[in-house]
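**Q** structure for this input, please:
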Amino acid sequence: MQDSRSSTKAKISYDWSQTSDVVLLIFRASKVVKSSSDIEIDKSSIDVSLSRPDCPDYVMSSRLPGEVNTRGSSYTFHSDRVEIRLVKATPGEEWRLPDRSSTKKDWEKIASTIPDQNKGSIDHMLQSIYENADEDTRRAMNKSMQESNGTVLSTDWAKVGSGRVESYKSTES
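**A** Coordinates of the predicted model:
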């Protein structure tokens with residue numbers, strides 16, 4: 001990360017912390033273009049789209065583990081990060097959130113760049129990702145699908161290689 005182009009292309013990650021009243025999400029990213037970025041906070045979900053020069057947009061959409069007071073919630077853009085302050089609708093409620101997140105891929109956008117007659121096909125897109133991937137990515141894809149009985153697909157060997165991949169179980173009935 002010696003020049004501004006390479007530092008701009010650094011991955012965006014986020015961390016979180018919580019008190020009894022607030023959940024704070026901190027997205028670590030420099031050079032986020034505020035005017036072309038969008039953050040939408042609903043009572044039970046959050047949509048984040050962060051735009052940076054010369055980089056694909058970072059997109060995250062997530063259901064929240066609890067409800068949010070949207071009027072009290074806010075976000076702030078800084079030179080090296082974006083902070084999102086979510087005010088819990090039920091103070092004292094403990095939220096279970098993941099420790100870290102990696103960039104969520106816009107698979108539709110990726111699929112549209114694959115030149116082929118089946119370019120709109122999800123199967124074709126996944127085959128292309130697998131064929132063009134390095135050995136660790138292939139290993140992660142195979143292991144995650146096998147151990148989760150086909151319910152989880154990961155390309156991150158650092159996560160998948162360190163333990164068992166559990167089957168995805170929907171929390172909705």
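**Q** buried set for the helix or strand harbouring residue 126?
**A** Residue 126 is part of helix 122-131, with elements assigned from DSSP states H and E. Within helix 122-131, the residues that count as buried by 16 or more other Cβ atoms under 10 Å are 125, 128, 129. From N, CA and C alone the C-beta is placed, and that goes for glycine too.
**Q** distance of the second one relative to residue 122?
**A** When distance is defined by Cβ to Cβ, to the nearest Å, residue 128 is 11 Å away from residue 122.
**Q** thinking again about what came up before, distance to residue 13 and pLDDT for the buried residues of helix 122-131 - can I get that in a markdown table?
**A** Shown next, in a markdown table, are the buried residues of helix 122-131 (distance: Cβ to Cβ, whole Å; pLDDT from 0 to 100):
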| residue | distance to residue 13 | pLDDT |
| --- | --- | --- |
| 125 | 24 | 74 |
| 128 | 26 | 78 |
| 129 | 21 | 80 |
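**Q** Serialize those residues to a markdown table and add fields for distance to residue 37.
**A** Shown next, in a markdown table, are the buried residues of helix 122-131 (distance: Cβ to Cβ, whole Å):
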| residue | distance to residue 37 |
| --- | --- |
| 125 | 26 |
| 128 | 29 |
| 129 | 26 |
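**Q** of those residues, closest to residue 19?
**A** Comparing the buried residues of helix 122-131 against residue 19 with Cβ to Cβ places residue 129 closest, at 39.8 Å.
**Q** double-check the closest one against residue 153; I have them as touching.
**A** No. Between residue 129 and residue 153 there is no contact under Cβ atoms under 8 Å: 9.6 Å.
**Q** list residues touching both of these two?
**A** Common contact partners of residue 129 and residue 153 (Cβ atoms under 8 Å, 6 or more residues apart in numbering): residue 141.
**Q** helix or strand next in line after the helix holding residue 126, which one?
**A** Next along the chain from helix 122-131, counting by DSSP H and E, comes helix 135-147.
**Q** please identify the buried residues of that following helix?
**A** 137, 138, 140, 141, 143, 144, 147.
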